[in-house]
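[1] just need the structure, nothing else, for what follows:
(one chain, ligands or ions: 1)
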Amino acid sequence: MAAEKDPAKLSKQQVGYAAADRVKSGMIVGLGTGSTAAYMIEALGDRIKAGTLKDIKGVTTSFQGEVLAKQYGVPLTTLDEIDRIDVAIDGADEVDPQLNLIKGGGAAHTREKIVDYLAEQFIVVVDGSKIVDKLGSTFRVPVEVLPMAITPVMRAIAKLGGEPELRMGVRKAGPVITDQGNMVIDVKFNTIDNPGELEKTLNNIPGVLENGLFIGVTDLVLVGEIKDGQPIIREITK
Ligand code: 5RP
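    Numbering: from 1, shown residues only. The predicted structure follows:
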């Protein structure tokens, strides 16, 4: 695989590859969604082809992951067929000092939460731009909602002090539709003082399927950065 030229892409590529190197033969691996996780899936496929990785199975978190796994030759399984996930590797939109996350930039946070929370070890792969002091500083909180409940859910979120916005498609007229056939509301909060409480409050609104706050679940964050022109990987643990 040729190294990416663009520094932002190079950081994502290198951290994706570094995470793939941590996967061992025989493991069941949660395959995350997004551009960084895509590099990890590609690298798993390369290791399988090279014979350095054997007998792994992937559990996808999105249609994107399924397509990539098939493209790169990563065998897949489903939650019905397994009783454990050894490691999940996934991207994030924000990471705070407690390793809490905002995810859902790719509208896949519902499936991601199921798979990432089931894993024995959850590794997050990001470039340095995703590290923040406080969740909500740069990214809004994605909330997946059943289409018939969009209006009451938006009202309930506004009552909580959030500014809800229906996520619209790019190069597709109308709203983004998730892999489950639902819609996504992105919510701006002026400050998120207690992300754990907000996660529960949002999920208690009837019609909400899942939100993108991932609290207390991350074991390790790998950060891809460029230092003195060279890509480096920084590790952050709890
Ligand atoms: C998808 C996600 C992604 O992991 C997150 O948006 C990060 O994506 P990228 O690696 O492309 O920056 O949560 O729902």
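[2] for stretch 75-90, which residues meet the burial criterion?
    Of the residues in stretch 75-90, 85, 86, 87, 88, 89, 90 count as buried by neighbour count, 16 or more other C-beta atoms under 10 Å. Where you see a C-beta, it was placed from the backbone N, CA and C, and this is true even at glycine.
[3] turn those residues into JSON lines, including distance to the ligand.
    Below are the buried residues of stretch 75-90 laid out as JSON lines (distance: C-beta to the nearest ligand atom, whole Å):
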{"residue": "85", "distance to the ligand": "17"}
{"residue": "86", "distance to the ligand": "19"}
{"residue": "87", "distance to the ligand": "16"}
{"residue": "88", "distance to the ligand": "11"}
{"residue": "89", "distance to the ligand": "10"}
{"residue": "90", "distance to the ligand": "5"}
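[4] next up, the contacts around the most centrally placed residue in the chain.
    The centroid of the chain falls nearest to residue 91 when counting by C-alpha atoms, centre = their mean (4.2 Å). Listed by C-beta atoms under 8 Å, 6 or more residues apart in numbering, the contact partners of residue 91 are 32, 33, 34, 35, 36, 37, 103, 105, 124, 125, 126.
[5] enumerate the residues of the chain near the ligand.
    Residues of the chain found near the ligand (C-beta under 6 Å from any ligand atom) are 32-37, 90-93, 103-109, 112.
[6] re earlier: by neighbours, which of the contacts of residue 91 wins?
    residue 32 (33 neighbours; other C-beta atoms under 10 Å).
[7] now that residue, nearest residue through space, not along the chain?
    residue 90 (2.8 Å; C-beta to C-beta, 6 or more residues apart in numbering).
[8] equivalent analysis for residue 176, please.
    residue 167 (4.5 Å).
[9] next one: residue 57
    In space, residue 57 is closest to residue 77, 4.2 Å off (C-beta to C-beta, 6+ apart).
[10] all good on my end, thank you.
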